[in-house]
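A.B. asks: Just a sequence and a predicted model for now, questions to come.
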Amino acid sequence: MHIPDGFVSTPVAAVGCVVAAGCIAYAVKATNKKMGERQIPLMGVLAAFIFAAQMLNFPIAGGTSGHLIGATLAAILLGPWAGVLIMTCVLGVQCLVFQDGGLFALGANIFNMGIVASFIGYYVYRGGASLFGGRRPGKLVGGGLAAWSSVLIASIACAFELGVSGTVPLGVALPAMVGVHALIGIGEGLITAAVLGLVLATRADLLELQKA
Amino acid sequence: MKHSFIDQYSGLDSLIHRLDPRTKFITSLAFIVAVVLTPASNWRVFAFYFCLIAVLLVISKLPPLYVLKRSLVIFPFVLMIAIFIPFFKQGEVAGSYNIWLWQVSVTYSGLLILANVVVKAWLCILSLILLSSATKLADLLKGLKQLGVPRVIILILSFMYRYVFVLVDEVMRMRQARDSRNFGGNRLYQLRTIGNMVGTLFIRSYERGERVYVAMLSRGFDGEVRTLHKLSFRQVDAYFSTTFCLILILPGIVWW
């Protein structure tokens, strides 16, 4: 889902950059107020964690494989604004070091996989968890559902950007992207739920971080 | 550590390597914007930009095969777009094929969109490879900070850069351990194993992050990272960026 340069038109890329920059500026302010310098090394290490976790591929249908986006995981563990910052750094490094996603298109990529995915993931998780009274199954189901929907919504945003740019016909691209990512999202959802299960079993206190 | 995939060739010495990271970042961005702004099917302009980036790549002494290999990362995306090409119905039909039950026709306008996008993406990726392979990430981060990227982001990025090697090593060890234990079984079981690996990795990273902070605090960390190495915007940078930008807008003046 990392859009390279040239795949989105200039206006789309420019709007993406402006929106992403605005959200990042707010995220910087929000995390500064809430966390302070103590969290900076932690967020750096967790950005490296998301990056390393993305190296673990999981099998999808027919010999293809996918990897985690991780935005939901970051947002659940540290809150949505910190999730935005972590994903911004992960995507920035992927762009600048691995050319995974373009530089001018970085705004659009941060918007899809950083901002949209973090917020959708975070609120679906909170909704799911409170629906089950905040108990363990609720958190696992909520987390899995959150990860699945964050991948799905991010792919919809991506399809719209490509469609509006005139690179792909929206009428075909949208159902195709949604279909493929509904499948990939299942992997992301199950893994996220498994991660939450492990964290709940060993260090449940970490899940209460962003409330403090 | 067995991986050297991050800024592998940034230690070379060339005119490009010696430029200030700010110069390189701004000129790369200018190049990418210029390429993206170029209207479709202006092949002469694209060829011109290709020559420009090729000359710079030669000056930078990067191994051509390495550059070529790195530029293939756009391929999955190209493939994805190519699948949609038959669905562009407007325009003259270039070819019509019967594949199983479907009548698939490819139009010239569809092919044009594909060619255009591939060329643009490839030119942009070449310039990004040049930027990232000819600049040490630490220097690039310092440059980005002076270009106004928020301090928090720069700090997170520098920590990330420092620990990504450690954690990637950790992942590789875990993966080796998993594979040597006959990893397999049904898909759900595999996903659960990966979930447990990611969870373990998370807890280890988190605890490492806490230890790092405590260690830094006890060494007097006050939220500012100080280094002796200062960036310097020299005359060469001024000459390079002016010439580069002039060359960039040249096709706009000559051919429009």
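C.D. replies: Here it is on my side, so go on.
A.B. asks: Helices along the chain, start to end?
C.D. replies: Picked chain A for this. A:10-34, A:39-53, A:71-78, A:80-98, A:106-109, A:117-131, A:136-164, A:170-203 (DSSP state H).
A.B. asks: switch to chain B, that's the one I care about
C.D. replies: So, for chain B - with DSSP H - the helices run B:15-18, B:21-37, B:43-59, B:64-70, B:75-84, B:108-133, B:137-146, B:151-179, B:187-217, B:235-255.
A.B. asks: Helix A:39-53 and the longest one, what's the angle between them?
C.D. replies: Following axes from the mean of the first three to the mean of the last three CA atoms, to 10 degrees, one obtains 150 degrees for the angle between helix B:187-217 and helix A:39-53.
A.B. asks: and helix B:187-217, anywhere near chain A?
C.D. replies: Yes. Looking at helix B:187-217 against chain A by CB under 8 Å from any CB of the partner chain, the contacts come from B:187-188, B:190-192, B:194-203, B:205-206, B:208-210, B:212-213, B:216. Placement of C-beta: from N, CA and C, glycine included.
A.B. asks: Next, the buried residues of that helix.
C.D. replies: B:190-206, B:208-209, B:212-213, B:216 (16 or more other CB atoms under 10 Å in any protein chain shown).
A.B. asks: now swap in the shortest one and tell me
C.D. replies: Residues of helix B:15-18 classed as buried under the neighbour-count rule (16+ other CB under 10 Å) are B:16, B:17.
A.B. asks: Out of the helices of chain B, which is closest to residue A:70?
C.D. replies: When the helices of chain B are compared by CB to CB, helix B:187-217 sits nearest residue A:70, at 8.6 Å.
A.B. asks: looking only at pLDDT, what's the mean for the closest one?
C.D. replies: The pLDDT scores in helix B:187-217 average 85.
A.B. asks: same check, this time on stretch B:155-171
C.D. replies: 86.
A.B. asks: Can you show me the CA trace of it as PDB?
C.D. replies: Listed next in PDB are the C-alpha coordinates belonging to stretch B:155-171 (Å, rounded to 0.1, in the frame of the first residue of the first chain):
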ATOM      1  CA  LEU B 155      14.600  12.300  18.200                       C
ATOM      2  CA  ILE B 156      12.200   9.400  17.600                       C
ATOM      3  CA  LEU B 157      13.900   8.800  14.200                       C
ATOM      4  CA  SER B 158      17.400   8.900  15.700                       C
ATOM      5  CA  PHE B 159      16.400   6.400  18.400                       C
ATOM      6  CA  MET B 160      14.700   4.300  15.800                       C
ATOM      7  CA  TYR B 161      17.800   4.300  13.600                       C
ATOM      8  CA  ARG B 162      20.000   3.300  16.600                       C
ATOM      9  CA  TYR B 163      17.700   0.400  17.700                       C
ATOM     10  CA  VAL B 164      16.500  -0.900  14.400                       C
ATOM     11  CA  PHE B 165      19.600  -3.000  13.900                       C
ATOM     12  CA  VAL B 166      19.300  -4.500  17.400                       C
ATOM     13  CA  LEU B 167      15.600  -5.400  16.900                       C
ATOM     14  CA  VAL B 168      16.100  -6.700  13.400                       C
ATOM     15  CA  ASP B 169      18.800  -9.000  14.800                       C
ATOM     16  CA  GLU B 170      16.300 -10.000  17.500                       C
ATOM     17  CA  VAL B 171      13.700 -10.800  14.800                       C
END
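A.B. asks: can I assume residue A:8 is in contact with residue A:162?
C.D. replies: Yes. With contact defined as CB atoms under 8 Å, residue A:8 reaches residue A:162; the gap is 6.6 Å.
A.B. asks: Stretch B:249-256 close to chain A?
C.D. replies: No. Judged by CB under 8 Å from any CB, stretch B:249-256 makes no contact with chain A; its nearest approach is 14.1 Å.
A.B. asks: Chain B versus residue A:202, what's the distance?
C.D. replies: 6 Å (CB to the nearest CB, to the nearest Å).
A.B. asks: Thank you kindly, that will do.
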